[in-house]
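**Student:** sequence and predicted model, in that order:
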Amino acid sequence: MNKLKVEVLGGKPPKPPEGWRMRLRRALQSLALAAIQRPKTVMLTFIVGFPLLIGTPHVGGDYQCSHAVWGYGACQAPLWCEYYGVQGRRVIWPESGEHCHLFKFMTLDVVMLIEGLRDD
């Protein structure tokens, strides 16, 4: 039996594997291209993602100081802060040294949303 020797002519050599930087660059490029081509999807993602990750806007309504305030000055240690916003009225008990804010983003209260759906 004759032995045959096989040689490949004109073929390209295999490419070396890409590094993690190149894969990350390609992923970011494809993400940017998808964002440019689908602006409605990006807007919908932002509208849904912003309240989930950052929260909904609330405005400070009232607070109670844990000590007596005399003369002109702000409360240095509030006992509770009350906010009104998209999720309704929220009462927050700040840690020691925190102040009540005039405007604050609050994360979604999922338990309150589920209880509100059960009541209906």
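**Tutor:** All right, it came through fine. Numbers count the residues shown, from 1 in each chain.
**Student:** which is the next helix or strand following the longest strand seen in the chain?
**Tutor:** The longest strand of the chain (DSSP state E) is strand 56-65. Sequence order places strand 78-85 as the next helix or strand after strand 56-65, per DSSP states H and E.
**Student:** and that following strand, what does it pack against?
**Tutor:** Counting contacts by 3 or more CB pairs under 8 Å, 6 or more residues apart in numbering; DSSP states H and E, strand 78-85 is packed against strand 56-65, strand 88-92, strand 103-106. C-beta coordinates here come from the backbone N, C-alpha and C atoms, glycine included.
**Student:** gap between the spatially most central residue of the chain and residue 105?
**Tutor:** Centroid check for the chain by CA atoms, centre = their mean gives residue 53 as the closest residue, at 2.5 Å. Between residue 53 and residue 105 the distance is 10 Å, computed by CB to CB, to the nearest Å.
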